[in-house]
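S.K.: Mind folding the following:
(one chain, ligands or ions: 1)
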Amino acid sequence: MSMTIDIITVVPELLEGPFSHSILKRARNKGLLSVKTHNLRKWAINKHAQVDDYPYGGGAGMVLMCEPLANAIEELQQEKKFDEIIYMTPDGHRFDQQTANQLSLKGNLLIICGHYKGIDERIRQRFVTMEISIGDYVLSGGELAAAVVVDTIGRLIPGVLSDETSALFDSFQDNLLAPPVYTRPASFRGDSVPEILLQGDPKKVEEWRYEQSLERTRTRRPDLLRGE
Ligand code: ADE
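M.R.: Below you'll find the model as predicted:
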């Protein structure tokens, strides 16, 4: 199964780098993921490339207009049916690993990045099926948030990680933080690697890692253990 992600943005340059390296690059090269950015100005309402306007009622900032967004979405819908049309916004549903897992099983996603003060409310109501925030802070636009979401989803697509089970042990997959990891040398400036990892008994290693995960979660993120 492969996934396509289309992204509508006024700053496509911001999305050139994040998907062209490392794991996401491999996913695209293997044909498991296709990411395409679309410059909203292609659907601008006039020759000044206008896509935004002042907010009715006054106030600071500009709002992305209905027409360019509606035309962009509808043109892209001619090519494929989207499983979700996602708007990146600080007032959306807070992104987490569970949402990422669910989205990684979808076929076609369309992501809309807001800029300035956001997009006209009528576009949200008419087209958007899901609204995602990556955290309680305000970015200057949705592009970096979209990059976070695409990266998180991309590595979960079956076949992308070389060892398919490796995402199973990520932080948050069981509402637990990941255990500490070590590599060579066994002793660095007098600090040694825990003995159990050097002994090579897989069952003991697994138990140790679970204990460490629990302990880390207890001390750093007790909210996860309470299921909050
Ligand atoms: N756009 C601006 N801030 C954002 C956030 N925190 N999450 C998603 N999209 C955003």
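S.K.: Could you break this protein into its assigned domains?
M.R.: With domains defined by automatic domain parsing, the chain comprises 3-154, 171-225.
S.K.: which ones are touching Met88?
M.R.: 111-114, 131-134, 142-143, 145-146, 149 (Cβ atoms under 8 Å, 6 or more residues apart in numbering). For every residue, glycine as well, the C-beta is placed using N, CA and C.
S.K.: if you set the cut-off to 7 Å instead, what comes out?
M.R.: Contact analysis of Met88 by Cβ atoms under 7 Å, 6 or more residues apart in numbering lists Ile111, Ile112, Cys113, Gly114, Ile132, Gly142, Ala145, Ala146.
S.K.: Now the residue lying closest to Ile196 once chain neighbours are set aside: which helix or strand?
M.R.: Excluding the flanking residues, the one nearest Ile196 by Cβ to Cβ, 6 or more residues apart in numbering is Trp208, at 4.8 Å. Using DSSP states H and E, Trp208 falls within helix 202-220.
S.K.: in which helix or strand would I find the residue nearest the centre of the chain?
M.R.: By Cα atoms, centre = their mean, the chain has its centre lying nearest to Val149, at 0.7 Å. Per DSSP H and E: Val149 is located in helix 143-154.
S.K.: which is the next helix or strand following that helix?
M.R.: strand 187-188.
S.K.: chain center to that next one: distance?
M.R.: Centre-to-centre, strand 187-188 and its host chain are 36 Å apart (Cα atoms, centre = their mean, to the nearest Å).
S.K.: pLDDT score for the closest residue to Leu156 other than its chain neighbours?
M.R.: Nearest non-adjacent residue to Leu156, counting by Cβ to Cβ, 6+ apart: Ser104, 3.6 Å away. Note on Ser104: pLDDT of 95.
S.K.: ditto for Leu24
M.R.: 89.
S.K.: any idea how far it is from Met65?
M.R.: 31 Å (Cβ to Cβ, to the nearest Å).
S.K.: What about Lys30, how many residues nearby?
M.R.: 12 (other Cβ atoms under 10 Å).
S.K.: thinking again about what came up before, is the ligand contacted by the helix holding Val149?
M.R.: Yes - residues of helix 143-154 contacting the ligand under Cβ under 6 Å from any ligand atom: Ala145.
S.K.: what about Asp91, how many neighbours?
M.R.: 10.
S.K.: Next, give phi and psi for the residue nearest to it when sequence neighbours are not counted.
M.R.: Distances taken as Cβ to Cβ, 6+ apart put Ser133 closest to Asp91, at 6.7 Å, once the chain neighbours are dropped. Dihedral pair for Ser133: phi -110, psi 140, per degrees, to the nearest 10.
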